[in-house]
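Asks: fold the stuff below for me.
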Amino acid sequence: MNPFHFSFSSCYFQIMFTAAELGVFDLLRESEEPLTAEAIAEGLGTSHIGMQRLLEACVGLKLLRMEMRDNKGFYGNTALADLYLAKSSPKSQYSDMKFDSELYYPSFQYLADAVREGKNQITSIYESPMKDFFQAIYRSEEGIQLYFGALKNSWILYCREMISEFDLSQFHHICDLGGGSGIFAEEHILSYPNSSVTIFDLPEVVEKAKKNFVALEESQISFQGGDFFKDSVPEADLYILSRILHLWDDEKCMQLLTKLYKACKPGGGVLVIEPVLDEERVRSFGAHVASIKLLVHTDGKTRTPSEHKALLTAAGFKEIQAKHGSVYGALLGRK
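Replies: Purely as a prediction, here's the structure:
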């Protein structure tokens, strides 16, 4: 990257998200032909000068394409914008961007404090005695919905890949801990139609999830409310921990994994899906970014495959297999 661009890197995301939030990519996706800045501004109810500058910036970032006709610029989506940035696309990442914009990026002003102190800054971020990331998110229905939307966006891209890393056909009853969004459970049922899934999550999350997945609850997906650190977990052939362990320190992870080992049926197991660092910790850029987010908001961290294996082994699990996908890693341990 040109060193001159470093000072602008934080602007890149805001330009992309603003265009998505205003509906630029959706309007162009629905249009059968490229549109002028005037037409886009009129269609979205914005100023012409503001929209013109936003569109030109998006062209510079290769999010939009522009062609000149009679000395006028006509704008259209790139393939990337059509697929991932338009809200109406089945693979849209808009909700994930919205979650980052509203939660993560504003809180990065506390990153230096988190580095100095080595602990999360939840109390400072929310100016309250709250000490838990999820307590902050789940305090409102809007927060839960925002989080569900972000999870759905991520799993739309990577869920099927993660489930296919191992043959899970021998596990008939699955317990998805912290899986309140329901996305992982849905995908599992599609891949293994003879299985059933119990989603175990906090009561307020389960209540929200039931409203979104009423039809599923009547079939192979059921819900149970509880705190997996404090309450008994349902008996299952396989426990799924998708993006859970990185939220907690080693002590809490050991507490949870040991609990699952004791609850697990003989021959059963646990499937862990996480953003994983490479063993040398010099690549895995996405996992490093996740680690910084965790530092500010939680007591957790991203881990290497060997660190995950050490936790699973200490909890009692054996025959541990590890695989790495395009973004996430998956580990399967047996009892």
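
Asks: at which residues are the strands of this protein located?
Replies: In chain order, the chain shows strands spanning 35-36, 64-69, 72-77, 173-177, 196-201, 221-225, 238-242, 269-275, 318-324, 328-334, with DSSP state E as the criterion.

Asks: in TSV: the ones you listed, plus distance to residue 50 and mean neighbour count.
Replies: C-beta here means a position set from N, CA and C on the backbone, and glycine is covered the same way. TSV is the format used below for the strands of the chain (distance: least, C-beta to C-beta, whole Å; neighbours: other C-beta atoms under 10 Å):
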stretch	distance to residue 50	mean neighbour count
strand 35-36	15	18
strand 64-69	15	14
strand 72-77	14	18
strand 173-177	44	24
strand 196-201	42	24
strand 221-225	45	19
strand 238-242	40	26
strand 269-275	36	25
strand 318-324	43	14
strand 328-334	38	23
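
Asks: shouldn't residue 284 be in contact with residue 291?
Replies: No - taking contacts as C-beta atoms under 8 Å, residue 284 lies outside contact range of residue 291: 9.3 Å.

Asks: so between those two, which is more surrounded?
Replies: Neighbours per residue, other C-beta atoms under 10 Å: of residue 284 and residue 291, the larger number sits with residue 284, 21 against 18.

Asks: distance check, the more buried one against residue 64.
Replies: 30 Å (C-beta to C-beta, to the nearest Å).

Asks: tell me which of the strands of the chain sits nearest to residue 146.
Replies: Distances from residue 146 to each of the strands of the chain were compared using C-beta to C-beta; the shortest belongs to strand 196-201, at 16.0 Å.

Asks: could you dump that closest one to PDB, C-alpha only?
Replies: These are the backbone C-alpha positions of strand 196-201, laid out as PDB (Å, rounded to 0.1, in the frame of the first residue of the first chain):
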ATOM      1  CA  SER A 196     -32.100 -32.400  15.000                       C
ATOM      2  CA  VAL A 197     -30.700 -29.300  16.600                       C
ATOM      3  CA  THR A 198     -31.300 -27.700  20.000                       C
ATOM      4  CA  ILE A 199     -30.300 -24.000  20.200                       C
ATOM      5  CA  PHE A 200     -29.200 -23.200  23.700                       C
ATOM      6  CA  ASP A 201     -28.900 -19.500  24.400                       C
END
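
Asks: what pairs with it, parallel or antiparallel?
Replies: The sheet places strand 196-201 alongside strand 173-177 (parallel), strand 221-225 (parallel), with pairing taken from DSSP bridges.

Asks: shared neighbours of residue 284 and residue 291, anything?
Replies: 277, 302 (C-beta atoms under 8 Å, 6 or more residues apart in numbering).

Asks: quick one: low-confidence residue ranges for the stretch 51-200 of the chain.
Replies: 128-131 (pLDDT under 70).

Asks: and the helices in it?
Replies: 79-80, 94-99, 105-107, 111-117, 122-126, 133-137, 141-163, 183-191 (DSSP state H, counting those that start in this stretch).

Asks: would you turn these into JSON lines with mean neighbour count?
Replies: As requested, those are exported to JSON lines (neighbours: other C-beta atoms under 10 Å):
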{"stretch": "helix 79-80", "mean neighbour count": "10"}
{"stretch": "helix 94-99", "mean neighbour count": "20"}
{"stretch": "helix 105-107", "mean neighbour count": "15"}
{"stretch": "helix 111-117", "mean neighbour count": "12"}
{"stretch": "helix 122-126", "mean neighbour count": "17"}
{"stretch": "helix 133-137", "mean neighbour count": "18"}
{"stretch": "helix 141-163", "mean neighbour count": "18"}
{"stretch": "helix 183-191", "mean neighbour count": "20"}
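
Asks: which of the ones you listed sits closest to residue 249?
Replies: Closest approach to residue 249 among those (C-beta to C-beta): helix 133-137, 12.9 Å.

Asks: of the helices of the stretch 51-200 of the chain, which is nearest residue 303?
Replies: Nearest to residue 303 among the helices of the stretch 51-200 of the chain is helix 141-163 (16.4 Å), distances taken as C-beta to C-beta.

Asks: ok so, going back, dump the strands paired with strand 196-201 into TSV; add distance to residue 238 as well.
Replies: Conversion of the strands paired with strand 196-201 to TSV gives the following (distance: least, C-beta to C-beta, whole Å):
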stretch	distance to residue 238
strand 173-177	5
strand 221-225	15
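
Asks: what's the closest of these to residue 10?
Replies: Relative to residue 10, the nearest member of the strands paired with strand 196-201 by C-beta to C-beta is strand 173-177, separated by 34.8 Å.

Asks: find the nearest non-adjacent residue to residue 313, please.
Replies: Closest residue to residue 313 in three dimensions, ignoring its sequence neighbours and counting by C-beta to C-beta, 6 or more residues apart in numbering: residue 320, at 6.7 Å.
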